[in-house]
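1. sharing a sequence plus its predicted fold:
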Amino acid sequence: MKDNIIAIKNFDFALSIINLFIQLKKENEFIVSKQILRSATSIGANIQEAIAAQSKRDFINKMAIASKEARETKYWLRLLDKSELTSISVSN
(Lines give C-alpha, C1' and ligand atoms only; values in the text may rest on other atoms or scores of the structure.)
Protein backbone atom coordinates (compact mmCIF):
# COMPACT_ATOMS: atom_id res chain seq x y z
CA MET A 1 0.00 0.00 0.00
CA LYS A 2 1.22 3.49 -0.88
CA ASP A 3 2.04 5.86 1.99
CA ASN A 4 -0.44 8.67 2.51
CA ILE A 5 1.57 11.91 2.35
CA ILE A 6 -1.19 13.89 4.06
CA ALA A 7 -1.25 11.50 7.01
CA ILE A 8 2.55 11.48 7.24
CA LYS A 9 2.88 15.27 7.14
CA ASN A 10 0.08 15.69 9.64
CA PHE A 11 1.68 13.19 12.02
CA ASP A 12 4.90 15.22 11.93
CA PHE A 13 2.89 18.40 12.50
CA ALA A 14 1.13 16.84 15.49
CA LEU A 15 4.51 15.87 16.98
CA SER A 16 5.71 19.47 16.64
CA ILE A 17 2.52 20.68 18.33
CA ILE A 18 3.10 18.26 21.21
CA ASN A 19 6.59 19.71 21.61
CA LEU A 20 5.15 23.23 21.53
CA PHE A 21 2.61 22.22 24.18
CA ILE A 22 5.40 20.96 26.44
CA GLN A 23 7.30 24.23 26.01
CA LEU A 24 4.17 26.27 26.73
CA LYS A 25 3.48 24.33 29.91
CA LYS A 26 7.02 25.15 31.08
CA GLU A 27 6.10 28.83 30.69
CA ASN A 28 2.88 28.29 32.65
CA GLU A 29 0.58 28.81 29.66
CA PHE A 30 -2.21 26.26 30.05
CA ILE A 31 -5.34 27.65 28.39
CA VAL A 32 -4.44 28.31 24.75
CA SER A 33 -1.87 25.50 24.71
CA LYS A 34 -4.55 22.91 25.54
CA GLN A 35 -6.80 24.23 22.78
CA ILE A 36 -3.95 24.05 20.26
CA LEU A 37 -3.09 20.51 21.36
CA ARG A 38 -6.69 19.33 21.07
CA SER A 39 -7.44 20.84 17.68
CA ALA A 40 -4.07 19.97 16.13
CA THR A 41 -4.15 16.32 17.18
CA SER A 42 -7.78 16.05 16.10
CA ILE A 43 -6.72 16.80 12.52
CA GLY A 44 -4.77 13.54 12.29
CA ALA A 45 -7.47 11.52 14.03
CA ASN A 46 -9.98 12.66 11.42
CA ILE A 47 -7.55 11.97 8.57
CA GLN A 48 -7.11 8.42 9.88
CA GLU A 49 -10.88 8.01 10.01
CA ALA A 50 -11.13 9.32 6.44
CA ILE A 51 -8.56 6.78 5.26
CA ALA A 52 -10.79 4.04 6.67
CA ALA A 53 -14.00 5.61 5.32
CA GLN A 54 -16.80 3.32 4.25
CA SER A 55 -17.87 5.50 1.35
CA LYS A 56 -16.81 8.51 -0.68
CA ARG A 57 -19.32 10.62 1.23
CA ASP A 58 -17.89 9.42 4.56
CA PHE A 59 -14.36 10.22 3.33
CA ILE A 60 -15.35 13.74 2.30
CA ASN A 61 -17.10 14.33 5.62
CA LYS A 62 -14.08 13.24 7.69
CA MET A 63 -11.67 15.30 5.60
CA ALA A 64 -13.96 18.32 5.95
CA ILE A 65 -13.82 17.91 9.73
CA ALA A 66 -10.02 17.63 9.55
CA SER A 67 -9.96 20.85 7.52
CA LYS A 68 -12.07 22.64 10.12
CA GLU A 69 -9.74 21.45 12.89
CA ALA A 70 -6.77 22.74 10.87
CA ARG A 71 -8.41 26.15 10.57
CA GLU A 72 -9.09 26.16 14.31
CA THR A 73 -5.47 25.23 15.02
CA LYS A 74 -4.30 28.08 12.81
CA TYR A 75 -6.52 30.45 14.78
CA TRP A 76 -5.10 29.34 18.13
CA LEU A 77 -1.53 29.60 16.85
CA ARG A 78 -2.17 33.13 15.56
CA LEU A 79 -3.80 34.09 18.85
CA LEU A 80 -0.86 32.71 20.82
CA ASP A 81 1.60 34.56 18.61
CA LYS A 82 -0.19 37.93 18.70
CA SER A 83 -1.14 37.82 22.38
CA GLU A 84 2.45 37.57 23.59
CA LEU A 85 1.35 35.22 26.40
CA THR A 86 4.77 33.60 26.27
CA SER A 87 8.23 34.27 24.89
CA ILE A 88 7.86 31.36 22.44
CA SER A 89 7.59 32.41 18.80
CA VAL A 90 5.13 30.41 16.72
CA SER A 91 5.07 32.51 13.55
CA ASN A 92 6.40 31.19 10.24
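-> That came through fine.
2. residues of stretch 66-81 that come out buried?
-> Buried residues in stretch 66-81, defined by neighbour count with 16 or more other Cβ atoms under 10 Å: 66, 69-70, 72-73, 76-77, 80. (Glycine included, C-beta is placed from N, CA and C.)
3. could you dump the residues you listed into CSV with distance to residue 54, pLDDT and secondary structure added?
-> Below are these laid out as CSV (distance: Cβ to Cβ, whole Å; pLDDT from 0 to 100; DSSP: H, G, I helix; E, B strand; the rest coil):
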residue, distance to residue 54, pLDDT, secondary structure
66, 17, 98, helix
69, 21, 98, helix
70, 23, 98, helix
72, 26, 98, helix
73, 27, 97, helix
76, 31, 96, helix
77, 33, 95, helix
80, 37, 92, helix
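4. spell out for me which residue occupies the centre of this protein.
-> residue 40 (1.6 Å; Cα atoms, centre = their mean).
5. setting aside sequence neighbours, what's the nearest residue to it?
-> residue 17 (4.0 Å; Cβ to Cβ, 6 or more residues apart in numbering).
6. tell me which element the one you found falls in.
-> Per DSSP states H and E, residue 17 falls inside helix 5-26.
7. from the chain's centroid, how far away is that helix?
-> Taking the mean of its C-alpha atoms, helix 5-26 sits 7 Å from the chain's own mean (Cα atoms, centre = their mean, to the nearest Å).
8. got the buried residues for it?
-> For helix 5-26, by 16+ other Cβ under 10 Å, it's 10, 13-14, 17, 20-21, 24.
9. about what we covered before: how about TSV for the buried residues of stretch 66-81, with distance to residue 29 added?
-> What follows is these, written out as TSV (distance: Cβ to Cβ, whole Å):
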residue	distance to residue 29
66	26
69	21
70	21
72	18
73	16
76	12
77	13
80	8
